[in-house]
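>>> With the sequence up front, the predicted model follows.
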Amino acid sequence: MYAPLARPVPLKRGVVALAAALAVAVSARPARAQSGAHPPIQGFDVLASAGWGASTAPIGDLELAPYGASFGVDVGYTWPVGFRLAAHFDASLGRRVLEERDVRRGRDFDFTADTSSYNGGFSLGWDLALQALTLRYSLMLGVTSMPWKLVGAPRDFVPFDDAKNPSVGLHVAPGVALLWPYRWFEAGVGFDYLAQANGVIPSGFLGRVLVGVRP
């Protein structure tokens, strides 16, 4: 029987990134439009995203890659002062990782860890008008579901301690995006850090290309 991996201590980096994002968003004042120089920020917008994500740390000595190619949608409303409330959903295809195990008793073996992930929830944000661009800070709060499969591992191999499949847990994700709005159209790039509360799900960074509309 193989010993289960210990659950990691919740990452402090997510808390630090969250505090930094909130401090910048609260201390910054939204720019006021002057002679049409700044884009309007009030109203609804719908954004579709495509990007790539990567885990920031292994789970014990097990490498997991539940992010990889990612696709999502974000629907929200921004008030005139810059405050934004939105809902989001993301699906990450993940990728397979070849794992090697050297055991004290019995034969060594290799197996493949196949993981993916789904994220959904709400986000609080702050939009700042910068000339022809909009700078958006956000804080996503939601749930992550990570299906996992170990291909080729012995039946008595226990990778996690009492983990369910899929593994489900809460996440906090501070992020920032730079958008270029033009009439009803907008596009840009964004970055998010997903800090996972469930010790079986690795935290990770997501980089996105954003395209959307403002009805």
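Alright, I've got the coordinates. Residues are numbered from 1 along each chain as shown.

>>> Just the buried residues of the lengthiest strand in the chain, please?
Longest strand of the chain, by residue count under DSSP state E: strand 167-182. Of the residues in strand 167-182, 167, 171-177, 179, 181 count as buried by neighbour count, 16 or more other CB atoms under 10 Å. The way it works is simple: take the backbone N, C-alpha and C, and place the C-beta from them, glycine included.

>>> Ok, stretch 149-167 next?
150, 153, 159-160, 163, 166-167.

>>> then stretch 124-136 to CSV, C-alphas only?
C-alpha atoms of stretch 124-136 as CSV (Å, rounded to 0.1, in the frame of the first residue of the first chain):
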residue,chain,number,x,y,z
LEU,A,124,-16.2,42.2,-8.3
GLY,A,125,-14.2,44.7,-10.4
TRP,A,126,-13.1,48.3,-10.9
ASP,A,127,-12.8,50.0,-14.3
LEU,A,128,-10.5,52.9,-14.9
ALA,A,129,-10.6,54.9,-18.2
LEU,A,130,-7.1,55.6,-19.6
GLN,A,131,-7.3,57.7,-22.7
ALA,A,132,-8.5,55.2,-25.4
LEU,A,133,-8.1,52.1,-23.1
THR,A,134,-9.9,50.7,-20.0
LEU,A,135,-7.9,49.2,-17.2
ARG,A,136,-9.9,46.6,-15.3
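
>>> now what about stretch 177-188, what contacts it?
39-40, 45, 47, 132-136, 138, 189-191, 208-215 (CB atoms under 8 Å, 6 or more residues apart in numbering).

>>> Apply 7 Å and report the result again.
39, 45, 132-136, 189-190, 210-214 (CB atoms under 7 Å, 6 or more residues apart in numbering).

>>> OK, contacts around the most centrally placed residue in the chain?
The centre of the chain sits closest to Leu194, judged by CA atoms, centre = their mean, with a distance of 4.0 Å. Applying CB under 7 Å, 6+ apart, we find Leu194 in contact with 119, 171, 173, 203-204, 206.

>>> Thr134 now?
Counted by CB under 7 Å, 6+ apart, Thr134 has contacts 39, 41, 127-128, 179, 181.

>>> Quickly list what the residue nearest to it when sequence neighbours are not counted is bridged to.
Nearest in space to Thr134, with sequence neighbours left out and distances taken as CB to CB, 6 or more residues apart in numbering, is Leu179 at 4.5 Å. With DSSP bridges as the criterion, Leu179 is bridged to Thr134, Gly188.

>>> For Ala187, see how far away Leu179 is.
Distance, Leu179 to Ala187, using CB to CB, to the nearest Å: 7 Å.

>>> can you give me the helices for the chain?
Under the criterion DSSP state H, the chain contains helices at 12-27.

>>> Just the strands from it, written as ranges.
Using DSSP E, strands in the chain cover 43-55, 68-78, 83-92, 96-101, 109-115, 117-130, 133-146, 148-151, 167-182, 185-196, 204-213.

>>> And the contacts of stretch 87-101?
53, 62-75, 108-123, 140.

>>> buried sites along it?
So for stretch 87-101, counting by 16+ other CB under 10 Å, buried means 88, 90, 92, 94-95, 97, 99, 101.
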